[in-house]
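In: Here's a sequence, model it:
(chains A, B and C)
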Amino acid sequence: MISRLFNFRGGVKPESHKTESSGTPIDQAPLPKRLVIPLRQSIRSTARCLVEPGQKVLKGEHIGQGEGSLGTGVHASTSGTVVEIAPYPMAHASGLETLSVVIAPDGEDRWIDRVPFDYRKVSREEALGWLRSCGIHGMGGAGFPTHVKLGSGTGIDTLVINGAECEPWITCDDRLMRERAAGVLSGAMILRELIGARRVLVGIEDNKPDAIERMRAAASTIGDDVAVVAVPTLYPAGGEKQLIRVLTGIEIPQGKFGTDFGVQCFNVGTAHAVHRAIHFGEPLLSRIVTLTGNVAHPGNHEVLLGTQVAELLALAGPKADTDRYIMGGPMMGIELQSLGVPVTATTNCIIAASPTLFPPPPPEQPCIRCGECARACPADLQPFELYWFSRAKNFGKAQEYHLFDCIECGCCAYVCPSHIPLVDYFRFSKGEIWARERERTASDQARARFEFRNFRQEREKAEKAAKLAAKAAETRAKLPEAAATAAGTAAAAVAAEPAASPEDLKKALVAAALARAKQQKAAVTPKNTDSLSAETQAEIAAIDARREKRNTQDADKTP
Amino acid sequence: MLTAILIMTGIAIVLGAALGYASIRFKVAGDPLVEKIDAILPQTQCGQCGYPGCKPYAQAISNGEADINQCPPGGEEGIRKLADLLGREVKPLSEEHGTEKPKSVARIDEQVCIGCTLCIQACPVDAIVGAAKQMHTVVAPLCTGCELCVAPCPVDCISMAPLAETVETWKWKYPVHELRSAA
Amino acid sequence: MLNSPYIRKPASVQGVMLAVLVALTPAIAVYASQIAAVVLVNLAIATATAMAGEAFVLKLRGRPIAPALSDLSAVVTAWLVVLCFPPILPWWATMLGVLIAIVAVKHLYGGLGQNPFNPAMVAYCAMIVAFPALMSQWPPAGQLDFQTQLGLVLGGVRELDGVASATALDAVKTGLRAAGATVDAIMSAGSFGVIAGRGWEWLAPAYAAGGAYLLACGVITWHMPAAFLAALTVVSGAFWLANPGQFASPLFHLASGGAMLGAFFIVTDPVSGATTPRGKLIFAAGVALVAYIIRVFGAFPEGIAFAVLLMNICVPLIDMNTQPRVFGYRGDKAR
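Out: Below you'll find the predicted structure:
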């Protein structure tokens, strides 16, 4: 079905270290003592909390409502009691805390009523809504909500299912495809239907022959338009844009989405989660996590979302010389600042690191512009140029040299003979540029509001002055007439004299004002009783009659 | 001699005419310098510089009436940018105009607020909502942290709360340039 | 706290520099055995001078000395300086050249990675301008015994009659100035070998072998040597075909002077050269063109050093205008 593979430039081939953890089947992790479920599911959106401390929840029960278009539902991963809703550290490089729901499991693991969702019977929007409420979002990297990625469902030719798993050490997708190939493909079929794609391409790096074989076996039962493709092992072939490039030859520039080019990409884990959500009515409550590195028993575990890393690590038995833990792979993962961090849908791997396995990089040396980084860069950038600009904080120039096309894959820093932490410089530059943009927006807004306030104050002043002037002019114009009226109604004696002196004028004005007020008071009648139709008049009469009657009755009752 | 004088005069007339034409033909509307200075100023509108807002201060700098180191919210970076723009020496923030503080927003203690509207009138960016004898509140995303509302409050219910770092505002730090110590 | 990536390829600046030194060894072996063994003495003098000079400047600049010395970049510069200088240069001239390269060109611009000009080439140009006579005295290959060479290098004696001779490039150039002379006639003289200067011509394949090693290690890319050699061949070939009597063959130009050293070790200097793939082609081809023009029409017999410096000036312009296409930007260039 696909005639040839494409390639992307650059890329590196670090030691894969997959065999340590890929040999044993997925193990069901025991129920943890407590679950910490963050309400923030991605950097973009935080869910609204639906539960209170002390409340009993069932497995799969909604505890957070997705807010905004990027929000997805949050669920209790097991049955138990909500203990507290408090800030807990999140799986983020900053180590900052986020509001989380802490659940003490009751050990029963009792489900809500699960009903398979027939997405064919309902509209497309409803189906996407279901995935959204099930909390389905990307399980590969950025955790982008699936219902958003499914887009409008038009103009998509190719659906790419990402099973490349190019980062060293990680094997969770490998095990998933080996053991649950049918589920993954079933999810892929649902996604294909929802997005309206013609064909499905499953990309798997060729260092996972078993997974490729199982997936091919499962795909053979489905049809011709599903192909399982072995792609060459080259980091970062599992990057979304790189995999799309390898499989279809399409290059998606920064800031654009695959949907603009007729192609969309989902992770195998996401496809499996979609399969569970649609065919079993199960929200996203667990994922497969690789525990590997400097541990006694490396392997893969099916873990409830919200399980804290500290509790999870006990399953693998970190060795004594472990000095830190990496969440994610060694190329793009983050070093955990706290073991209280919970497993989330994007937590694919925890690596126990020791100085022997992951030696600290040698000290930074000067850049000699050797161009190794440029040859390794899968985005075809010139990292050393970006480095010089970032180091000098020349952010404008860095942006001009396409800083934001950098996917932070780490290839440049990996190959750099001068051991320069290039990606750190790029992350720093990006952060500064974003911060400046935020500041700029805020100051532009403040300027606009300040200027509008000044304008408004000026306008109000002018309006007030104009009003006063107009009124004064009007009164002055009306004066003789007003004086005459005043004379007629109030004081004949005053009127008889000619209104000449200002004193008299004032008096006349006051008299006129008084007269107007009197008139107005006299004229006050309920407005809604003016000009009534005959029926309404009759109704009013009837009501009045009733009221009269009751009054008399009441009067009768009272002794 | 005469020829030389004539030639020089001729050149002077031609160049003068060209310059005169250019100054009319390529005249830039408005005063771009004031706009450029205003773009650097943080738009806090706090008046700590001694002028009623950022624009008037920008005008004053451009006229040479004010120095470039009178803006505490802009801080050192602001002074540096102004110095770059105007080709002047960077100097430390003038102490009489205040000190650089972390960015904060105003917070109204709603239990204490009596609804006097004084803070609403003081706010330069209309970031406080409320009505007479009704509770007031600060629209935090619009607040510039100018502190102009703090003084007018008759019941002292407004405090300045420094902005906490969130995931959205968190930034990667500048990589530490490690130098191996001399062996 | 460290950030990703947590794994690094076992590569280092030291490794790169070591590869360059290893790649130079075949040429040094040919040089010492076929031309003048005293080159080994020169290398020792230059290496010691480079290390001492670098350590001194680092101390002045308040920088850590050990890491900068151990990266071997000063040694590479020192060796390149020696290989482009005449081997019978007095010791102080070698030292001076190395100090110009290390102190003036490398460290006055901010140390490793910061110099816009190729240090060895600046040293060569400065020395040939300052000491034109000394820098033009090349011994005939394998004619002097080691004692004489050593005397010339270490002793102050300069009895050059019968010791030094013109290089092949020089001989061709001055020979052609005489009326009626042809390239063939000049090259039939005893100082010429099969294609270029007798003995000297064997340096070319040795440099090429070293270059092949660097290419195999991935230290250099094919762009620079290929563009340099191709451009030199094309331009010299064009003139030669037009008038074989008055212009030497491409083979002669490739095997003479610093052509091969330049192609694999000088233009490929990453610090002062162009960095983009297209930029590298333009840079190296430019060096070859300018070098040929100076060789044939200029006042100096060898023009590679001046050509490299001229092209070094153009590097920012070349790089800026040859930025490669960034992933996802179809058709339009990166800038």
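In: tell me which strands and helices the lengthiest helix in chain B is in contact with?
Out: If you go by DSSP state H, chain B has its longest helix at helix B:2-25. Contact partners of helix B:2-25 among helices and strands, from 3 or more C-beta pairs under 8 Å, 6 or more residues apart in numbering or on different chains; DSSP states H and E: none. Using the backbone N, CA and C atoms, a C-beta is placed for each residue, glycine as well.
In: So which residues of chain B form helices?
Out: Under DSSP H, chain B gives helices at B:2-25, B:32-40, B:54-62, B:75-86, B:118-122.
In: most tightly surrounded among the ones you listed?
Out: Of the helices of chain B, the one with the most neighbours on average (mean count of other C-beta atoms under 10 Å in any protein chain shown) is helix B:54-62, at a mean of 22.
In: In PDB, please show the C-alpha coordinates belonging to it.
Out: In PDB, the C-alpha atoms belonging to helix B:54-62 read as follows (Å, rounded to 0.1, in the frame of the first residue of the first chain):
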ATOM      1  CA  CYS B  54       3.700  56.700  30.900                       C
ATOM      2  CA  LYS B  55       2.900  58.700  27.800                       C
ATOM      3  CA  PRO B  56       3.500  62.100  29.500                       C
ATOM      4  CA  TYR B  57       6.800  60.700  30.900                       C
ATOM      5  CA  ALA B  58       7.800  59.600  27.400                       C
ATOM      6  CA  GLN B  59       7.000  63.100  26.200                       C
ATOM      7  CA  ALA B  60       9.100  64.600  29.000                       C
ATOM      8  CA  ILE B  61      12.100  62.300  28.200                       C
ATOM      9  CA  SER B  62      11.800  63.200  24.600                       C
END
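In: follow-up on the earlier one: and of the helices of chain B, who's closest to C:Arg61?
Out: helix B:75-86 (26.2 Å; C-beta to C-beta).
In: got a list of contacts for that closest one?
Out: B:36-37, B:40-42, B:61, B:68-69, B:71, B:74, B:88-93, B:100 (C-beta atoms under 8 Å, 6 or more residues apart in numbering or on different chains).
In: how does chain B divide up, domain by domain?
Out: B:32-97, B:104-162 (automatic domain parsing).
In: Let's have these in JSON lines, adding mean pLDDT.
Out: Formatted as JSON lines, those follow (pLDDT from 0 to 100):
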{"stretch": "domain B:32-97", "mean pLDDT": "88"}
{"stretch": "domain B:104-162", "mean pLDDT": "90"}
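In: Now do the contacts for the residue lying closest to C:Val13 once chain neighbours are set aside.
Out: Spatial nearest neighbour of C:Val13, chain neighbours left out: C:Asp71 (4.7 Å); criterion: C-beta to C-beta, 6 or more residues apart in numbering or on different chains. Counting by C-beta under 8 Å, 6+ apart, C:Asp71 touches A:365, C:12-14, C:17, C:112.
In: ok, now how distant is the nearest residue to B:Ile128 once chain neighbours are set aside from chain A?
Out: Spatial nearest neighbour of B:Ile128, chain neighbours left out: B:Ile120 (4.8 Å); criterion: C-beta to C-beta, 6+ apart. Separation of B:Ile120 from chain A (C-beta to the nearest C-beta, to the nearest Å): 11 Å.
In: And the residue in the stretch 101-250 of chain A that chain B sits nearest to, what's its pLDDT?
Out: Relative to chain B, the nearest point of the stretch 101-250 of chain A is A:Gly143 (12.9 Å; C-beta to the nearest C-beta). The model reports A:Gly143 with a pLDDT of 83.
In: That one: how many residues sit nearby?
Out: Residues lying near A:Gly143 (other C-beta atoms under 10 Å in any protein chain shown) number 19.
In: Could you give the backbone dihedrals for it?
Out: Here is the backbone geometry of A:Gly143 (degrees, to the nearest 10): phi 70, psi 40.
In: in chain C, which segments are predicted with low confidence?
Out: C:156-166, C:179, C:331-335 (pLDDT under 70).
In: Buried ones in the host helix or strand of C:Ile186, by neighbour count?
Out: Assigned by DSSP states H and E, C:Ile186 belongs to helix C:183-187. Going by neighbour count (16 or more other C-beta atoms under 10 Å in any protein chain shown), the buried part of helix C:183-187 is C:183, C:186-187.
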